[in-house]
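S.K.: sequence-free structure coming up:
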C-alpha cells in the first residue's frame with residue numbers, strides 16, 4: 001500500500017503502546033488521525049492533547065459519516081481486538097484498507113535502514129536504549145518504542161526517516177512482517193503459548209525471523225541461544241562482552257570488549273544484570289552501525305530508562321517504590337535479582353497482578369517460584385486483557401502454590417491500606433495489566449503515610 005495516498009488513519013485499539021506510537025508517527029507527518037479504545041488512559045489523553053480524536057464506545061455511528069473516501073483511509077487494528085468488534089467489521093465489510101499494526105510498521109520501515117530488536121524479554125528497554133544512542137549521535141531516525149521513554153516522554157523518537165529502530169514483537173508472529181538490516185534476539189523463553197501451542201513453535205518463529213534479515217545484514221544473539229550470529233553476553237567469551245563490572249552510587253561502571261577493542265569505564269544508570277545485557281546489545285548494534293566510541297559512551301550515560309521498567313517512583317533512604325512491567329516468571333526473577341543487588345539488606349514487598357489466564361496457567365509453577373522469593377507478597381486478581389476466564393485458573397490457585405507465609409490476595413479497593421500495613425523498605429508493583437494505573441495512587445498513599 002502507498003501511504004502517500006492516505007489522508008486519514010483510524011486506529012482500533014489506539015491506546016495500545018505500539019498502536020499509539022504509530023498514531024503519533026502519522027500525526028507527525030500530517031495525516032488526520034483518530035481512533036477507538038475501550039477505556040481512557042494516560043496514553044489516550046496524551047494523544048488527545050496532540051489533536052487526535054478518540055471515542056470509547058464500539059458503535060458504527062461514531063465512524064459512519066467520518067470516512068467518505070475509502071481510498072484515502074487506512075484502518076489499523078491490533079490482534080488484541082475481538083473478531084466481533086462492530087467498527088472493525090464495518091470497515092472490512094465496506095471495502096476499506098484494513099491492516100494489522102505489524103503490517104503497517106513493515107511498510108513504514110521497508111525503505112529505511114532498519115534495526116530491529118526481538119526477544120521474549122528485554123525488547124522495550126533495548127529498543128529505547130538503541131533509539132537513544134542513535135538519536136544522541138545525530139542519526140536521522142524514527143524509533144518506534146514499546147514503552148514511554150523517560151528521556152523523551154514518548155514512545156516515538158523522531159529525527160528523520162533514513163533509519164528506523166523497531167521493537168520486533170513475536171506475539172501473533174508480528175515480527176515476520178519486518179525486513180531488518182540489523183537485528184538482535186535477546187531471549188527465546190516460552191511465552192504466548194495461546195498463540196504458538198508449544199515452545200518449539202515459538203523458537204521456530206524466531207528462526208523464521210532471523211531469515212527475514214536483508215542480504216548483507218547482521219544478526220546478534222545472546223550467547224547460548226541456538227542461532228548463529230554475532231554473540232553478546234555478560235562476563236563471558238562472546239563477541240561483545242561486558243567486563244570488570246562495578247557499582248558506584250547505584251550506577252554500573254564497566255568495560256565492553258568488542259571484536260576490535262575495549263571500551264573502558266562506561267556508565268549505565270539502570271539496575272539489574274538484565275538491563276546491563278540490554279545496554280550491551282544496544283551498544284553492539286550501534287557500534288556495528290558505525291557510531292564512535294565517544295558518542296556512544298556519552299549517550300549511554302545519559303539514558304534514563306522506560307516508564308514501568310524498573311521505574312523509580314519514590315527513592316529515599318527510608319523508602320523505595322519501584323514499578324515494573326514484568327509479567328513472565330523470568331522477568332520477575334530478573335526484577336528480584338536487581339532489587340537484591342541494589343538493596344541487599346532491605347525488606348521487599350511485591351504487589352503482582354497476573355496478566356492473562358492462559359499465561360498464568362501455562363507458567364503457574366514458574367510464577368509461584370519467582371514470587372516466593374520476596375519477603376512479602378500482595379496478589380491481585382488476574383488481568384484478562386483479550387481473554388475470557390479459564391475454569392480453575394485464578395489468583396487464589398497461584399497464591400496456594402507460592403511458598404511464602406507473608407502472602408495475601410487483595411483487591412484494588414483495599415490495596416493501598418494493605419501496603420501501608422507493611423514495614424517493607426522496598427515496594428514493587430509488577431505486572432502488564434492495569435496495575436500501572438494504580439501506581440500514582442499508591443505513590444500518593446505512601447507519601448501521605450510517611
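M.R.: Arrived safely, thanks for sending. Here the structure is a predicted model, which is why all the values come from computation and not from measurement.
S.K.: what about the residue nearest to the spatial centre of the chain, which helix or strand?
M.R.: The residue lying closest to the centre of the chain (CA atoms, centre = their mean) is residue 124, at 3.8 Å. Of the helices and strands defined by DSSP states H and E, residue 124 is found in helix 123-136.
S.K.: Remind me what that helix packs against, helices and strands.
M.R.: strand 113-118, strand 141-149, strand 154-158, strand 163-168, helix 273-289, helix 293-301 (3 or more CB pairs under 8 Å, 6 or more residues apart in numbering; DSSP states H and E). C-betas here are computed from N, CA, C, even on glycine.
S.K.: and residue 318, which of the ones you listed is closest to it?
M.R.: Closest of these to residue 318 is helix 273-289, at 24.8 Å (criterion: CB to CB).
S.K.: any idea of the angle that closest one forms with strand 163-168?
M.R.: With axes from the mean of the first three to the mean of the last three CA atoms, to 10 degrees defining the directions, helix 273-289 sits at 150 degrees from strand 163-168.
S.K.: rewinding a little: now the helices and strands packed on helix 123-136 in a markdown table, with mean neighbour count and mean pLDDT?
M.R.: Compiled in a markdown table, these are given as follows (neighbours: other CB atoms under 10 Å; pLDDT from 0 to 100):
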| stretch | mean neighbour count | mean pLDDT |
| --- | --- | --- |
| strand 113-118 | 28 | 97 |
| strand 141-149 | 24 | 95 |
| strand 154-158 | 21 | 97 |
| strand 163-168 | 27 | 96 |
| helix 273-289 | 24 | 96 |
| helix 293-301 | 17 | 96 |
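S.K.: can these go into a markdown table with extra columns for distance to residue 218?
M.R.: Below are those laid out as a markdown table (distance: least, CB to CB, whole Å):
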| stretch | distance to residue 218 |
| --- | --- |
| strand 113-118 | 10 |
| strand 141-149 | 17 |
| strand 154-158 | 22 |
| strand 163-168 | 14 |
| helix 273-289 | 6 |
| helix 293-301 | 17 |
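S.K.: Nearest to residue 383, out of those?
M.R.: Set against residue 383 and scored by CB to CB, those come closest in strand 141-149, at 17.3 Å.
S.K.: wait, isn't residue 343 in contact with residue 320?
M.R.: Yes - look at residue 343 against residue 320 with CB atoms under 8 Å: they come within range, at 6.6 Å.
S.K.: More neighbours: the two, which one.
M.R.: Applying other CB atoms under 10 Å to residue 343 and residue 320 shows that residue 320 carries more neighbours, namely 20 against 16.
S.K.: what does the domain assignment say about this protein?
M.R.: 3-100, 111-302, 311-448 (the TED database).
S.K.: next one: the longest one to chain centre, how far?
M.R.: What that stands for is domain 111-302. In terms of CA atoms, centre = their mean, to the nearest Å, the gap separating the centre of domain 111-302 from the centre of its chain is 13 Å.
S.K.: ditto for the shortest one
M.R.: Centroid separation between domain 3-100 and its chain, computed with CA atoms, centre = their mean, is 21 Å.
S.K.: Show me what the mean pLDDT comes to for it.
M.R.: Mean per-residue pLDDT for domain 3-100: 92.
S.K.: tell me how far the ends of that domain are from each other?
M.R.: Using CA to CA, to the nearest Å, one end of domain 3-100 lies 14 Å from the other.
S.K.: ok, residue 91 - contacts?
M.R.: Contacts here follow CB atoms under 8 Å, 6 or more residues apart in numbering; on that basis residue 91 touches 10, 63, 75, 98.
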